[in-house]
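In: Return a 3D structure for these sequence lines:
(chains A and B)
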There are 2 protein chains.
Amino acid sequence: MTGSLRILGLGPGDPRWVTPEASAMLDEATDLVGYGPYLARLETRPGQRIHASDNRVELDRARAALDLAAGGAQVAVVSGGDPGVFAMAAAVFEAVEAGPTRWRDLDIAVSPGISAMMAAAARLGAPLGHDFCAVSLSDNLKPWPLIERRLRAAADGDFVIALYNPASRARPRQVFDAFAVLRAVKEGATPVAFARAVGRPDEAITVTTLADADPGLADMSTLVLVGSSATRLIVRERGRPFLYTPRNAAP
Amino acid sequence: MTGSLRILGLGPGDPRWVTPEASAMLDEATDLVGYGPYLARLETRPGQRIHASDNRVELDRARAALDLAAGGAQVAVVSGGDPGVFAMAAAVFEAVEAGPTRWRDLDIAVSPGISAMMAAAARLGAPLGHDFCAVSLSDNLKPWPLIERRLRAAADGDFVIALYNPASRARPRQVFDAFAVLRAVKEGATPVAFARAVGRPDEAITVTTLADADPGLADMSTLVLVGSSATRLIVRERGRPFLYTPRNAAP
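Out: Numbers count the residues shown, from 1 in each chain, chains lettered A, B, ... in the order given. As a prediction, the model looks like this:
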């Protein structure tokens, strides 16, 4: 039997954000490969083989998935969020590029998912209503000076900025350094949101300003959004203000 | 009865990319408001009122939806893609901000969707595997110099760049001007993809380079992706090459 590899995302947590395409791919798979906590979210069917792994071994996981597919399995590689955004799809293609030539002609397909910044933006209002950037603050795989360069460029371009992977236990300080870079360029009144675990039971949202923000609020489950010069709040009688960036955003 | 307003996205076209949350919101609505061709994609149920409008009247459409919700209707505002990305959510919050104070305390919620760049990226491989920007080339609502400034900043930061609304019949030239800005900063060998109508029957994908690209390929249904210095192709025996940006992308 000819194997296949499907790379899909479960979204940030709410099961109602898993697309029908991703659900169908999960259902058709003989083998599910992914980070343990993502696989734990799934109701698997009898006979499906589960290959759970740790967070830090994306490339090993990608190679194992390709090996299974080359051997004839119907493999689903499971990411959180969108698999193409700071997630497993890039790791699979890195493994394909470095691996045996026959891997290149495997039946490989990626299915798009709801990325954390889209879910966070939806909860907040419409902060991504205008031009925006997404930057991962993890320097596990790229040098910090490149991250600083991108933050400066994003601030110079007056983009709304989504910060992925802002902090982890091993990297508690980068988010403070990133805020220092942004504070040097952008107004203190710029709206900032910390959106933690959006769509999960422990969801927590904080809306503040660049001047007042405590970067220590960010952890590995947090998506940080920093506004452009046009991003603003709509205050309400009840509940959190809406955060949005108008379509005619101009500095 | 208390009204409500739901703002949802259908994704770029493939019905398997409509989330279960968006489907439930459509099902619960008494009134569907949106651009005609998006509403035409839906199977409505008997009794639902359909308010189809033209492409250029987002703010009028948003006000009409808010008026219906204020009157007690369960309203679903229907976008393509993700409603928060260059789509209806920002228009609704603009209308809320400028409208009667009571609109601020309506029951309003946004549901995230699959945006065109995620779908295009999935088809191509993993070009958004690293830091990226999204820029709309439409100057209907923002001055062209701001668009140029953002394109330069995105190129200076070596981001992968997704260009939304690259061209329309009324704006055939901006995409040529945008390519001129990018060609002045970025290498000619940078991979470029034109992803047209992804997920629809007339889907068409072209992968080329910044030097060779014909900006005239872009129309209002096209998402253009321009690589970073690390974005590259994996050539295959059969089929289109995979396009991807490795996670350790560094210039």
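
In: Can you give me every residue that contacts residue A:209?
Out: When contacts are counted by CB atoms under 8 Å, 6 or more residues apart in numbering or on different chains, residue A:209 is found next to A:188, A:189, A:190, A:191, A:192. In this view, the C-beta of every residue, glycine as well, is placed from N, C-alpha and C.

In: how many other residues sit next to the second one?
Out: As a burial measure, residue A:189 scores 12 neighbours (other CB atoms under 10 Å in any protein chain shown).

In: rewinding a little: by neighbour count, which of the contacts of residue A:209 wins?
Out: Each of those was scored by neighbour count (other CB under 10 Å); the top score is that of residue A:192, with 27 neighbours.

In: Can you classify the nearest residue to that residue once chain neighbours are set aside as helix, strand or coil?
Out: Leaving aside its sequence neighbours, residue A:192 sits nearest to residue A:213 (CB to CB, 6 or more residues apart in numbering or on different chains; 4.6 Å). Here residue A:213 is coil, with the state taken from DSSP: H, G, I helix; E, B strand; the rest coil.

In: and residue A:213, backbone torsions?
Out: phi -60, psi 140 (degrees, to the nearest 10).

In: Does residue A:20 touch residue B:22 like I think?
Out: No. The pair residue A:20 and residue B:22 does not pass the contact test of CB atoms under 8 Å, sitting 10.7 Å apart.

In: So these two - more neighbours on which side?
Out: Each of residue A:20 and residue B:22 had its neighbours counted (other CB under 10 Å), and the higher figure belongs to residue B:22 (27 against 16).

In: Spell out which helix or strand contains the more buried one, please.
Out: helix B:20-28 (DSSP states H and E).

In: Counting neighbours, which bits of that helix end up buried?
Out: Buried positions in helix B:20-28, judged by neighbour count with 16 or more other CB atoms under 10 Å in any protein chain shown: B:20, B:21, B:22, B:23, B:25, B:26.

In: residue ranges for the helices of the stretch 51-200 of chain A, please.
Out: With DSSP state H, counting those that start in this stretch applied, the stretch 51-200 of chain A shows helices at A:58-70, A:88-98, A:116-124, A:144-156, A:174-185, listed in chain order.

In: Tabulate the CA atom coordinates of stretch A:151-167 in PDB.
Out: This file holds the C-alpha atoms of stretch A:151-167, laid out as PDB (Å, rounded to 0.1, in the frame of the first residue of the first chain):
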ATOM      1  CA  LEU A 151      11.300  43.700  15.900                       C
ATOM      2  CA  ARG A 152      12.900  47.000  14.900                       C
ATOM      3  CA  ALA A 153      11.800  46.600  11.300                       C
ATOM      4  CA  ALA A 154       8.200  45.700  12.500                       C
ATOM      5  CA  ALA A 155       8.200  48.800  14.700                       C
ATOM      6  CA  ASP A 156       9.600  51.000  11.900                       C
ATOM      7  CA  GLY A 157       6.900  49.800   9.500                       C
ATOM      8  CA  ASP A 158       4.200  50.500  12.200                       C
ATOM      9  CA  PHE A 159       2.900  47.000  11.900                       C
ATOM     10  CA  VAL A 160       0.700  45.300  14.400                       C
ATOM     11  CA  ILE A 161       3.000  42.700  15.900                       C
ATOM     12  CA  ALA A 162       2.100  39.200  17.100                       C
ATOM     13  CA  LEU A 163       4.800  37.700  19.300                       C
ATOM     14  CA  TYR A 164       4.900  33.800  19.300                       C
ATOM     15  CA  ASN A 165       6.800  31.800  21.900                       C
ATOM     16  CA  PRO A 166       7.400  34.900  24.000                       C
ATOM     17  CA  ALA A 167       8.900  33.000  27.000                       C
END
